[in-house]
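Novice: only the shape, not the letters, is given here:
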């Protein structure tokens, strides 16, 4: 066996994502994560007081990795908005895998109040990014917030459907729907954006 | 203890929903379901060969209960469409509970191909119901299908967000968003519907 090069926290959070993506939420035991991380249960509990803390760290790490590669537009630029949204769409196996982690996490949050922190953080961030470009289209503030909310909801619905119905929701259809959801915001705009 | 009056299959499928809603997907063991149903594991395995079969029966029963109370419009009638959609929104504790079962189920389907059957069935039904009223608005067939798909996606995104972010997604806001999603279809219509 080659010596693990990652730091132990990364090894554990990666293992949580691996277990969630490959075996599913019901397989997410300390024992399975330890085996996958090539770690002892003692090492895990040294870093994470409980399963919720471990899952939170794993999902946050996945979110931060996505955030590091996405470039959110500061102005209303259709193509740039779609490029940012594409990062989250399950267009290939790697992104399907990432999203599969999130579906497991959504289910877990239902019975663990502490886990909510992460998706609250994610929603605030996504909503903020969309609000920024939507505001430049000249909407009244309340309408801009409503549209940002609606866009977040519809795009996450799309992620969910793309994962649940892969035969129907091909990458082409996902992109067409995402583009349509973004275009709907532009279509309502009091003044057209640079890409409009 | 009063004698259970339900038939054993109903008792078991109700217990699956109870465990999913109250304890979450990770608690969904045969043992927990048996305890909740006041049944033996032997009785469960007599009716269901495996956990997937048991979960499928439970989710299908929940879907059939919803289907029994929802009236889908045959024509484009905004108010009637919103009434049908309302049945699925988590506007109160009972409906939040039902939806919580579905989130657990979505997570389970990720690693159990057999489970897909149910949500394929649900999607086909919902999409068909929406297609029916959307078609009466005079869209070309492909556009009607695209809009029905989009509406299903956005509405399920709304269900998910309403469950994940209950503080923000109050019943009023859920209804406003659902109404907005339905109105968007009417706004694109070649000819206005009776409610348009």
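Specialist: Nice, I can see it. Everything quoted here is computed from the prediction, not taken from an experiment.

Novice: now residue A:13: closest residue in space, sequence neighbours ignored.
Specialist: residue A:58 (4.1 Å; Cβ to Cβ, 6 or more residues apart in numbering or on different chains). C-beta: built from backbone N, CA, C; applies to glycine.

Novice: ok, that neighbour - how many residues close by?
Specialist: Residue A:58: 27 surrounding residues under other Cβ atoms under 10 Å in any protein chain shown.

Novice: residues touching residue A:133, list them.
Specialist: For residue A:133, the contacting residues are A:72-77, A:80-81, A:193, by Cβ atoms under 8 Å, 6 or more residues apart in numbering or on different chains.

Novice: can you pull the domain assignment for chain A?
Specialist: Segmentation of chain A into domains, based on automatic domain parsing, reads A:1-69, A:72-196.

Novice: where do the helices sit along chain A?
Specialist: Shown for chain A, the helices assigned by DSSP state H span residues A:8-22, A:30-37, A:41-47, A:51-69, A:78-86, A:93-109, A:116-135, A:141-164, A:171-187.

Novice: hang on, the earlier thing: let me see the contact set for the residue nearest to residue A:13.
Specialist: A:12-14, A:16-17, A:20, A:101.

Novice: sorry, back to before: which of the contacts of residue A:133 lies closest to chain B?
Specialist: residue A:81 (17.2 Å; Cβ to the nearest Cβ).

Novice: that closest one contacts residue A:73, correct?
Specialist: Yes: Residue A:81 lies in contact with residue A:73 (Cβ atoms under 8 Å); the separation is 5.7 Å.

Novice: quick check, the residue in chain A closest to chain B?
Specialist: residue A:157 (2.4 Å).

Novice: mind listing what that residue touches?
Specialist: Residue A:157 sits next to B:153-158, B:160 when contact means Cβ under 8 Å, 6+ apart.

Novice: repeat the analysis, applying 7 Å as the threshold.
Specialist: Going by Cβ atoms under 7 Å, 6 or more residues apart in numbering or on different chains, residue A:157 touches B:153-154, B:156-157, B:160.

Novice: could you find the closest non-adjacent residue to it?
Specialist: Nearest non-adjacent residue to residue A:157 (Cβ to Cβ, 6+ apart): residue B:157, at 2.4 Å.

Novice: quick check, pLDDT for the one you found.
Specialist: Here the pLDDT value assigned to residue B:157 is 96.

Novice: now the helices of chain A in a markdown table, with distance to residue B:120?
Specialist: Shown next, in a markdown table, are these (distance: least, Cβ to Cβ, whole Å):
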| stretch | distance to residue B:120 |
| --- | --- |
| helix A:8-22 | 22 |
| helix A:30-37 | 29 |
| helix A:41-47 | 38 |
| helix A:51-69 | 28 |
| helix A:78-86 | 26 |
| helix A:93-109 | 17 |
| helix A:116-135 | 27 |
| helix A:141-164 | 9 |
| helix A:171-187 | 16 |
